[in-house]
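1. sharing a sequence plus its predicted fold:
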Amino acid sequence: MCWLRKSRCVPFICTCHLFPSVEPPPLSRKALQGLCVKLCGTLKDHQPRLSSTVAPPDEITINYRHGLPLITLTLPSRKERCQFVVKPMLSTVGSFLQDLRDEDKGVKSTAVLTADGSEIPASTLMGILLMNDFKLVINKITYDVRCPKKEKLSCEHTAEMENVKSLVHRLFTALHSEEFQKRRERRLLEKIDQLTGRLQPLEQMKARIEARSEAKTSGLLWAGLALLSAQAGAMAWLTWWVYSWDIMEPVTYFITFANSMVFFAYFIVTRQDYTYSAVKRRQFLHFFHKKSKQQQFDVAQYNQLKEELAKANESLGQVRHSLCLRMREELKEKN
């Protein structure tokens, strides 16, 4: 019987059974135990030594990579870790929550709370949110998120960075601002010429339609005046030549009341007061749109082109104003 099989180390086959003709040298029990300890070590050496640095599967971590925050969390449906890159000065809390819902359709409700439980508005920038610890609620499960503290720059380094930014801005303005403004002025002039060319035939057609609509509106107003004059003459003739005032007085009363009913009906239909200027403008627009359909004049396209032309002229005025200011500054520097 081999003593090596009774030891508590890893067992191995004894050579005395494989080669019976060769007898190993006799060893004492203490020597055999010492040899086993030297080969296999003590029992404590075989105990597992585990040290994990992996975050728990339900923990939300924030790390910075290439200067951008990287939020790592477990998706509730797929149960797998997912990373979201956040742009602090562009992304908002609402856009981040929307990215969560787009990535995992199992996310039904989301919210971001402060450490004391107050809800953070969706318009808050992520850069402001990541300054302090917060709570993220996903499907009514609250996760505590700890934001890593970024190293604060010294006052001297901060002042130096601000000076560099200011210098770069001034160099860019000096080298590219005037050239950019001139290119923009040329583009705006080309756009204005193009819009003016497209508007010219429409303006001519519009002028013809307006002239005809104005003539019809004026004719309608003169016709109304003629009807009122005829009504007054008829009432006078019936009062002094046919009947007496005692008979015509109730007639005139009912005619006046009927006119009041007509004016009130006009207000109900049009939701406008019955004034002569409002009636004339409404009738003019009625004739204008009716004639436009007959002449195939696109009123919506005309209004759109007029708006674009007005915006282009406004932008051109701003560009020229900035160029004039720059020329004045250059003259002052030269003087």
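-> Arrived safely, thanks for sending.
2. near L220, how many other residues are there?
-> Residue crowding around L220 was assessed by other CB atoms under 10 Å; the count is 15. Where C-beta positions appear, they are placed from N, C-alpha and C, glycine not excepted.
3. what do you get for D133?
-> Residues near D133, counting by other CB under 10 Å: 12.
4. list the contacts for it?
-> Contact criterion CB atoms under 8 Å, 6 or more residues apart in numbering gives 115, 144-147 as the residues in contact with D133.
5. please report phi then psi for it.
-> Torsion angles at D133 (phi, psi; degrees, to the nearest 10) stand at phi -70, psi 150.
6. on that earlier part again, emit the PyMOL select command for whichever of the contacts of D133 are buried.
-> To isolate the buried subset of those in PyMOL, counting by 16 or more other CB atoms under 10 Å, use the following:
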select buried, resi 145
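7. beta partners for T142?
-> Residues in a beta bridge with T142, per DSSP bridges, are V137.
8. that one contacts F134, doesn't it?
-> No - under the criterion of CB atoms under 8 Å, T142 is not in contact with F134, lying 10.6 Å apart.
9. mutual contacts of the two, please.
-> L113.
10. mind putting the contacts of D133 in CSV, pLDDT, distance to A258 and secondary structure included?
-> Formatted as CSV, the entries for the contacts of D133 read as follows, by pLDDT from 0 to 100; distance: CB to CB, whole Å; DSSP: H, G, I helix; E, B strand; the rest coil:
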residue, pLDDT, distance to A258, secondary structure
A115, 84, 76, coil
D144, 88, 79, strand
V145, 88, 77, strand
R146, 86, 82, coil
C147, 84, 79, coil
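11. and L238, what does it touch?
-> 248, 251.
12. so what pLDDT did it get?
-> Taken from the predicted model, the pLDDT recorded for L238 is 87.
13. look at it and tell me its secondary structure.
-> Of the three states, L238 takes helix according to DSSP: H, G, I helix; E, B strand; the rest coil.
14. distance of it from E190?
-> Distance, L238 to E190, using CB to CB, to the nearest Å: 71 Å.
15. distance check, V262 against Y274.
-> From V262 to Y274 the distance is 9 Å (CB to CB).
16. with R146 instead?
-> 71 Å.
17. over to S213?
-> With CB to CB as the criterion, S213 and Y274 are 21 Å apart.
18. repeat that for R208.
-> 30 Å.
19. same thing with G224?
-> For G224, the distance to Y274 (CB to CB) stands at 12 Å.
20. for the stretch 201-335 of the chain, just list every one of the strands.
-> Taking DSSP state E, counting those that start in this stretch to define them, one finds no strands in the stretch 201-335 of the chain.
21. now do the helices in it.
-> In chain order, the stretch 201-335 of the chain shows helices spanning 245-270, 276-295, 299-334, with DSSP state H, counting those that start in this stretch as the criterion.
22. turn the ones you listed into JSON lines, columns for mean neighbour count.
-> Supplementary listing: the helices of the stretch 201-335 of the chain in JSON lines, determined by neighbours: other CB atoms under 10 Å:
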{"stretch": "helix 245-270", "mean neighbour count": "11"}
{"stretch": "helix 276-295", "mean neighbour count": "14"}
{"stretch": "helix 299-334", "mean neighbour count": "13"}
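23. redo these as JSON lines? Include mean pLDDT and distance to I138.
-> Converted to JSON lines, the helices of the stretch 201-335 of the chain look like this (pLDDT from 0 to 100; distance: least, CB to CB, whole Å):
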{"stretch": "helix 245-270", "mean pLDDT": "86", "distance to I138": "55"}
{"stretch": "helix 276-295", "mean pLDDT": "84", "distance to I138": "55"}
{"stretch": "helix 299-334", "mean pLDDT": "79", "distance to I138": "45"}
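24. looking at those helices, which is closest to Q200?
-> With distances scored as CB to CB, the stretch of these nearest to Q200 is helix 299-334 (10.5 Å).
25. got the angle for the closest one vs helix 276-295?
-> When axes from the mean of the first three to the mean of the last three CA atoms, to 10 degrees is applied, the directions of helix 299-334 and helix 276-295 differ by 110 degrees.
26. what residues of stretch 209-225 count as buried?
-> The neighbour-count check on stretch 209-225 (16+ other CB under 10 Å) flags 209, 213, 216-217 as buried.
27. please report phi then psi for the nearest residue to S77 once chain neighbours are set aside.
-> Spatial nearest neighbour of S77, chain neighbours left out: G106 (3.1 Å); criterion: CB to CB, 6 or more residues apart in numbering. When quoted as degrees, to the nearest 10, the phi and psi of G106 stand at phi -80, psi -10.
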